[in-house]
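Peer 1: coords please:
(one chain, ligands or ions: 2)
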Amino acid sequence: MRGSIMEKFDVVIIGAGPAGLGLAYDLKQAGQTVAVVEENRWGGTCPNRGCDPKKVLMAAVEAKLRSRHLVGKGLENEPEIDWPSLMRFKETFTEPVSSSSRQGLVDAGITVLDGHAEFVDQHTLKVGEQRVESSQFVIATGQRPGRLSKIENEALMQTSTDFLAMPELPKRIALVGGGYIAFELAAIANAAGAEVHVIHHNDRPLKQFPAKSVKQFMEQLTKQGVQFHLNIDVTAIEKSAEGMTLRDDHQFSLPVDQVFVTAGRVPNLDTLNLEQAGVETAKNGIMVDDHLKTTASNIYAMGDVVAKAQPKLTPVAGFEAQYLAQLLTHQSSAAIAYPVIPTVVYGVPQLAKAGMEVATAQKDSQRYEVKDLDLTNWFTYRRIQDPDARATVVVDRQSQQVVGVVTMSSEAEHVINDLTWLINHGGSLSELQRQIFAYPTEASDLEYLR
Ligand SMILES: Cc1cc2nc3c(=O)[nH]c(=O)nc-3n(C[C@H](O)[C@H](O)[C@H](O)COP(=O)(O)OP(=O)(O)OC[C@H]3O[C@@H](n4cnc5c(N)ncnc54)[C@H](O)[C@@H]3O)c2cc1C
Ligand SMILES: NC(=O)c1ccc[n+]([C@@H]2O[C@H](COP(=O)([O-])OP(=O)(O)OC[C@H]3O[C@@H](n4cnc5c(N)ncnc54)[C@H](O)[C@@H]3O)[C@@H](O)[C@H]2O)c1
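Peer 2: Ligands and ions are numbered 1, 2, ... in the order given. As a prediction, this is how the structure comes out:
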C-alpha cells in the first residue's frame, strides 16, 4: 500500500530533541509550514534521559558531598541519599516533558507526526503508513548508547537510560567505558551508597581532558570510594545466583549486581534509509558541509547526529538550530562559525575545560604560557573546604589573551562559563581585574588568576 500523502511542507524536521524543537519554533515564527517527526519521547535525550535528569540526581550528590567537607566545621552529620525518593523527585522533571513538548508544538501550529521516519526519496519521507513531502528536510535524530557486541552475554548490560530510571539502587554496579557518562553516573551511584566500579580498556579515561587533570579528578573520586580498573578489556559477563561476574581474557573477575555500558554513543542514522535520499555518512554521523548541508542539496543535519569535531552537547545542538533557522529563512548565508565551547564533567568536584588544548600549547611554549594553579587555599575553596581545587590556564604570551582553561573544583561549572566568555571576547587576565564582580564569589576570585 502506498499510504496517504500529507500536504507538502516547507521543512520537515526528523527528531524532537533540543535541536529539532529549537529549529521548528524559529521556522514557524518566520512563516514557514513545518512538521516534526518523533518516534520516542518528545523533547529528546537531554530532558528525558540525559543532562536534566542526571543533573537533578546530582543536586542530592552535591548536598551530600559538600556537607561531608564541612562535618566538624559547623556541620554534625552528612545526609544520606534516599534513592527511591530522589527518583520520584527526578520524575517530577522528566514525566511531563514528552507531552508538554508535543503540546507546545501543536499550540504553535506546527504539525506533529508520531512514528519512525525513513526516506523514500530525496523529497519524500515515510512515517508509518503516511508519506510526507517537503521542499527541505532537517535530520536531527541524535545518538543512542553504543553496544559492545563482542562481549559474551552483552545483552545483560544496561544503558544510561536504564540507570536514570532505576527504581532501586543496586548494591554493586559496574560501568564499562570511562567517558563523561561513566564518571557522572559513578559519582551519583557512589554517593547514593552503591559499590561502584569503572572499567576502562586503556589508561586514558576521559581522553578529551589532559591526563594530569584526569588523574587529579580520579584521585578525588577514588577517595570517595569509586574503584577504577584501567587497561581491562571485558570479554564476558557470567550470570550467577548472586548477580553477575565480569571477566576479561586474563585474571580479571568482578562480581556485581548490575552492569552498564558507557562506552560511547552512536548516531541514529542506520534506519533512516539515507541512501534512498543520497545522504552520505561517516562513522560518527552524517556528513555535512560548513552550512550543515548534507550530500543531498535539500537535506540538512544538525545536533548529535552530525559527524563533526565539536563536542556533541545540548547547547551545541541549540546553536546549530539557531544557525539553520537563519539560513533556511534567508536571513544569513554565512558558513557556521562555532564559538569556543565549554564542557563539564559533573560530580563533586567537577572537571571542566574550554579552548586550546593544554598539550597543543605545551608544544609551542614560545608562543603560549601554561599556568598551573593550585586554588585549594583560595577563599572560595577554603570556605567550602574543597579538598583539591585546580586551574590550568593557557595564555598567548604576546597578546596576553586567555586562550584555554582546564579547571577542577566544586565551582568549576561557574568558573568555566566565566572564562569561556573571556576567551570568546579575546580578553586577557588583566581584563578580569578591571571588572567588578559580586564579592566574595568564585568570579571575584578570578583576579588572582595571574
Ligand atoms: C546520560 C547523558 C547525559 C548528558 N549530559 C549532558 C550534559 O550535562 N550537558 C550537555 O550539554 N549534554 C549532555 N548530554 C548530551 C545531550 O543530551 C545531547 O547533546 C542532546 O540531547 C542532543 O540533542 P539532539 O536534538 O541533537 O538529539 P536528541 O536529544 O538525541 O534528539 C533526537 C530525537 O530524534 C528521535 N529520532 C531518532 N531517530 C528517529 C527517526 N528515525 N524518526 C523519528 N524520530 C527519531 C529520537 O527519539 C530523539 O528524541 C548527555 C547525554 C546523555 C545520554
Ligand atoms: N556533562 C556532559 O556534558 C555530558 C555528559 C554525558 C554525556 N555527554 C555527551 O555524550 C557523549 C557520550 O558519552 P560517553 O561517556 O558514552 O562516551 P565517551 O566517548 O565520552 O566515552 C566512552 C569511553 O568508553 C571507552 N570505551 C570504548 N569501548 C570500550 C570498551 N570495550 N571497554 C572499556 N571502555 C571502552 C572509550 O575509549 C571512551 O573513552 C559525550 O561525548 C558527550 O558528547 C556529555
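
Peer 1: hey, let's count contacts and neighbours off CA atoms from now on
Peer 2: Noted.

Peer 1: pretty sure Leu272 is in a strand, no?
Peer 2: No. Leu272 is assigned coil when assessed by DSSP: H, G, I helix; E, B strand; the rest coil, not a strand.

Peer 1: not counting sequence-adjacent ones, nearest residue to it?
Peer 2: Glu118 (4.2 Å; Cα to Cα, 6 or more residues apart in numbering).

Peer 1: do Leu351 as well
Peer 2: Excluding the flanking residues, the one nearest Leu351 by Cα to Cα, 6+ apart is Met408, at 4.5 Å.

Peer 1: check the offset of stretch 393-400 from the chain's centre.
Peer 2: Taking Cα atoms, centre = their mean, to the nearest Å, one finds stretch 393-400 lying 29 Å from the centre of the chain it belongs to.

Peer 1: stretch 283-296 too?
Peer 2: Taking Cα atoms, centre = their mean, one finds the center of stretch 283-296 at 21 Å from the center of the full chain.

Peer 1: and what of stretch 65-81?
Peer 2: With Cα atoms, centre = their mean as the basis, the distance from the averaged C-alpha position of stretch 65-81 to the chain average is 29 Å.

Peer 1: ok, now stretch 350-370?
Peer 2: Relative to its parent chain, stretch 350-370 has a centroid offset of 22 Å by Cα atoms, centre = their mean.

Peer 1: most centrally placed residue in this structure?
Peer 2: Central residue of the chain (Cα atoms, centre = their mean): Leu313, 4.7 Å from the mean position.

Peer 1: quick one: that one from Asp372, how far?
Peer 2: 27 Å (Cα to Cα, to the nearest Å).

Peer 1: sorry, back to before: chain neighbours aside, what residue packs nearest to the residue nearest to the centre of the chain?
Peer 2: For Leu313, the spatially nearest residue (Cα to Cα, 6+ apart) is Asp304, at 7.1 Å.

Peer 1: which SS state does the one you found fall under?
Peer 2: Classified using three-state DSSP, Asp304 is helix.

Peer 1: count of neighbours near it?
Peer 2: For Asp304, the count of nearby residues is 29 (other Cα atoms under 10 Å).

Peer 1: one more: Asp270?
Peer 2: Counted with other Cα under 10 Å, the burial measure for Asp270 works out to 12 neighbours.

Peer 1: look up how far Val132 lies from it.
Peer 2: Asp270 sits 20 Å away from Val132, taking Cα to Cα as the criterion.

Peer 1: any residue of stretch 250-264 touching ligand 1?
Peer 2: No. Contact of stretch 250-264 with ligand 1 is not found when judged by Cα under 6 Å from any ligand atom; the minimum separation is 9.1 Å.

Peer 1: that should have said stretch 5-25, apologies.
Peer 2: Yes. Applying Cα under 6 Å from any ligand atom, one finds stretch 5-25 in contact with ligand 1 at Ile14, Gly15, Ala16, Gly17, Pro18, Ala19, Gly20.

Peer 1: pretty sure the first one sits against Glu38.
Peer 2: Yes. Ile14 sits in contact with Glu38 when judged by Cα atoms under 8 Å, with a separation of 6.6 Å.

Peer 1: quick one: common contacting residues for these two?
Peer 2: Residues touching both Ile14 and Glu38 (Cα atoms under 8 Å, 6 or more residues apart in numbering): Ala117.

Peer 1: did I read that right, the residue nearest to Leu351 in a helix?
Peer 2: No. Secondary structure of Met408 (three-state DSSP): strand, not part of a helix.

Peer 1: ok, it touching Pro387?
Peer 2: No. No contact is recorded between Met408 and Pro387 when judged using Cα under 8 Å, the distance being 10.7 Å.

Peer 1: more neighbours: which of these two?
Peer 2: Using other Cα under 10 Å, the more surrounded residue of Met408 and Pro387 is Met408, with 28 against 14.

Peer 1: bridged to that one, which residues?
Peer 2: Counting by DSSP bridges, Met408 is bridged to Leu351, Arg390.

Peer 1: before we move on, back to that, where's the residue nearest to the centre of the chain relative to ligand 1, distance?
Peer 2: Separation of Leu313 from ligand 1 (Cα to the nearest ligand atom, to the nearest Å) stands at 3 Å.

Peer 1: roughly how far apart are that residue and Tyr180?
Peer 2: Here Leu313 is placed at a distance of 11 Å from Tyr180 (Cα to Cα).

Peer 1: and for Glu154?
Peer 2: Spatial separation of Glu154 from Tyr180 under the definition Cα to Cα is 21 Å.

Peer 1: in contact with the residue lying closest to Arg147 once chain neighbours are set aside, which residues?
Peer 2: Here the nearest residue to Arg147 in space, its sequence neighbours aside, is Val261; by Cα to Cα, 6+ apart that works out to 6.8 Å. For Val261, the set of contacting residues under the criterion of Cα under 8 Å, 6+ apart consists of Pro145, Gly146, Arg147, Leu148, Met157, Gln158, Thr159, Ser160, Leu175, Val176, Gly177.

Peer 1: near ligand 2, which of these show up?
Peer 2: Filtering the contacts of Val261 for proximity to ligand 2 (criterion: Cα under 6 Å from any ligand atom) leaves Val176, Gly177.

Peer 1: of the contacts of Val261, buried ones?
Peer 2: The neighbour count (16 or more other Cα atoms under 10 Å) marks Pro145, Arg147, Leu148, Met157, Gln158, Thr159, Ser160, Leu175, Val176, Gly177 as buried among those.

Peer 1: quick one on the thing from earlier: tally of neighbours for the residue nearest to Leu272?
Peer 2: Around Glu118 there are 21 residues (other Cα under 10 Å).

Peer 1: per-residue confidence for it?
Peer 2: We note a pLDDT of 98 for Glu118 in this prediction.

Peer 1: and Arg434, by the same measure?
Peer 2: As summarised for this prediction, Arg434 has a pLDDT of 89.
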